[in-house]
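**Student:** the sequence and its predicted three-dimensional model are supplied below.
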Amino acid sequence: MLHLPKLIDLHQDLLLHINRRDLYPDHWQTNFEMLVASQVKVVVATAFPVPLDENFLDPITNMMIEADFQEYVSRCQKSSQYSLIRTSNELLPALNKEHHTSLILHIEGLNSFTDNDWEMLERWYDLGWRSLGIVWNLTNSLGGGTKDPKSGLTDLGAKLIRWCEDKGMIVDFAHMNRPTFEAASKIVRRPILISHGNACVICQNPRNYTDEQLKQVAATGGVVGVFLARTYVTGTDHASIQNVVEQINHFRQVMGIDHIAMGTDFGGIITGHVDQLDSIECLPRLWDALIKEGYSKEDLDAITWKNSLRVLQAHLKPYDRTI
């Protein structure tokens with residue numbers, strides 16, 4: 001029997017997957033209709049700008065981010081099946097809506113930002129943007145990404161993290177290199193959220209996290225979303241559902257069940273899938289594997305939505321000043 005619990009997915013490149021089909025020669029990993037059918041009640045949906053020349057530091061990326069936000073808003077306005085989450089008060093009702101998916105708008109890497117761009121951020125906030133990862137793989141004006149082992153959090157990056165927390169926004173630690181992670185962890189006042197990442201002990205990669213970092217997350221009451229790109233599950237040319245279970249087992253051993261979440265990265269996986277786990281529709285296979293591993297229904301609920309709910313509620317404000 002395949003289990004289909006409700007899900008909060010902490011990371012999907014939803015619009016990128018829909019609008020840039022040239023980047024994905026294979027099947028659909030996710031789309032709006034698949035989210036509703038798969039019981040994804042809340043998804044953190046990215047604006048991840050990929051310029052045609054792939055110059056991710058080009059200021060044109062800011063225009064692309066805003067265009068993505070406008071499209072997300074438009075899609076939510078045109079269909080009763082989709083809506084935006086701006087406040088913590090909207091999270092619990094979203095989990096109980098039938099045939100409905102709610103979106104939290106996220107930026108994965110604010111790669112072109114200066115101290116003159118705060119008005120732009122206010123405009124995006126008013127559109128409904130509520131989650132930020134200050135870096136992607138590349139180092140930018142805010143801090144060091146995972147392709148750069150040395151650069152740390154900048155003064156501007158620290159200022160932006162404080163701004164996000166004051167606004168009641170989610171600060172996502174995914175893609176931070178270790179110096180940036182350490183500096184940011186000393187600034188944030190809320191539980192650390194890593195939207196998508198795995199354990200270094202199992203798969204050595206700068207995108208994954210050491211046991212020390214995982215314990216830091218747990219100590220704050222935070223969560224790490226399990227990441228379903230093969231490259232970061234095993235680091236080899238093959239990964240099975242059981243390999244994902246092994247990642248979850250390690251998280252449980254190091255952090256405890258209350259700090260495990262899901263951040264699939266569906267829509268953004270271009271380096272290879274886990275066998276039989278290549279789209280949002282395949283997740284019941286993982287849930288069944290966890291049940292067979294000995295995880296209880298309560299454990300599964302914790303992983304699929306309860307832990308994420310707790311941390312998202314801690315980050316978002318209970319009201320929306322734009323209304």
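**Tutor:** Happy to help now that I have it.
**Student:** what residues are up against Gln39?
**Tutor:** Taking C-beta atoms under 8 Å, 6 or more residues apart in numbering, we find Gln39 in contact with 4-7. Where C-beta positions appear, they are placed from N, C-alpha and C, glycine not excepted.
**Student:** of the residues you listed, just say which sits nearest to Met64.
**Tutor:** Closest approach between the contacts of Gln39 and Met64, by C-beta to C-beta: Leu7, at 27.7 Å.
**Student:** show me what contacts the closest one?
**Tutor:** Contacts of Leu7 (C-beta under 8 Å, 6+ apart): 38-42, 262, 283, 304-305.
**Student:** and which of the contacts of Gln39 is nearest to Asp299?
**Tutor:** Pro5 (10.8 Å).
**Student:** any stretches of this structure with poor pLDDT?
**Tutor:** Residue ranges of the chain with pLDDT under 70: 1-3, 321-323.
**Student:** quick one, helices of it?
**Tutor:** Counting by DSSP state H, one finds helices in the chain at the ranges 14-19, 32-37, 60-78, 91-95, 118-127, 155-167, 178-185, 211-219, 230-233, 241-255, 283-293, 297-301, 307-315.
**Student:** Asp148 is nearest to which of these?
**Tutor:** Closest among those, using C-beta to C-beta: helix 178-185, at 9.0 Å.
**Student:** got the angle for the closest one vs helix 155-167?
**Tutor:** When axes from the mean of the first three to the mean of the last three C-alpha atoms, to 10 degrees is applied, the directions of helix 178-185 and helix 155-167 differ by 40 degrees.
**Student:** ranking by neighbours, what's the top pick from the contacts of Gln39?
**Tutor:** Leu7 (25 neighbours; other C-beta atoms under 10 Å).
**Student:** re the thing from before, I'd like the helices of the chain as CSV, with mean neighbour count and distance to Asn205 appended.
**Tutor:** As requested, those are exported to CSV (neighbours: other C-beta atoms under 10 Å; distance: least, C-beta to C-beta, whole Å):
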stretch, mean neighbour count, distance to Asn205
helix 14-19, 21, 22
helix 32-37, 18, 28
helix 60-78, 17, 25
helix 91-95, 16, 31
helix 118-127, 15, 31
helix 155-167, 17, 23
helix 178-185, 20, 12
helix 211-219, 18, 13
helix 230-233, 24, 6
helix 241-255, 19, 12
helix 283-293, 18, 21
helix 297-301, 15, 26
helix 307-315, 21, 23
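**Student:** same list (those) but as CSV, adding distance to Gly267.
**Tutor:** Output for these, formatted as CSV (distance: least, C-beta to C-beta, whole Å):
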stretch, distance to Gly267
helix 14-19, 3
helix 32-37, 10
helix 60-78, 12
helix 91-95, 20
helix 118-127, 20
helix 155-167, 23
helix 178-185, 24
helix 211-219, 24
helix 230-233, 15
helix 241-255, 18
helix 283-293, 14
helix 297-301, 23
helix 307-315, 18
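**Student:** Ile104: which of the ones you listed is closest?
**Tutor:** Closest approach to Ile104 among these is made by helix 307-315 (7.5 Å; C-beta to C-beta).
**Student:** of the contacts of Leu7, buried ones?
**Tutor:** 38-42, 262, 283, 304-305 (16 or more other C-beta atoms under 10 Å).
**Student:** which of those fall in strands?
**Tutor:** Mapping those onto strands (DSSP state E) picks out 40-42, 262.
**Student:** what two of the buried ones among the contacts of Leu7 have the greatest distance between them?
**Tutor:** Farthest pair in these (C-beta to C-beta) is Val42 and Leu283. Separation: 14.5 Å.
**Student:** do you know which of the helices of the chain lies nearest Thr46?
**Tutor:** Closest of these to Thr46 is helix 14-19, at 6.9 Å (criterion: C-beta to C-beta).
**Student:** contacts for the closest one?
**Tutor:** Under the criterion C-beta under 8 Å, 6+ apart, residues 23-24, 28-32, 35, 43, 45-48, 50, 68, 71-72, 103, 266-268 lie in contact with helix 14-19.
**Student:** let's see that with 10 Å instead.
**Tutor:** Helix 14-19 is contacted by residues 23-24, 28-32, 34-35, 43-50, 64, 67-69, 71-72, 75, 101, 103, 106, 108, 266-270 when judged by C-beta atoms under 10 Å, 6 or more residues apart in numbering.
**Student:** just stretch 69-76 next, same as before
**Tutor:** The contact list for stretch 69-76 (C-beta under 10 Å, 6+ apart) reads 14-15, 18-19, 32, 45-47, 81-84, 101-103, 105, 107, 123-124, 127-129.
**Student:** sorry, back to before: with distance to Arg189 added, can I get the contacts of Leu7 in a markdown table?
**Tutor:** Output for these, formatted as a markdown table (distance: C-beta to C-beta, whole Å):
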| residue | distance to Arg189 |
| --- | --- |
| Ser38 | 34 |
| Gln39 | 33 |
| Val40 | 29 |
| Lys41 | 27 |
| Val42 | 23 |
| Met262 | 25 |
| Leu283 | 33 |
| Thr304 | 27 |
| Trp305 | 24 |
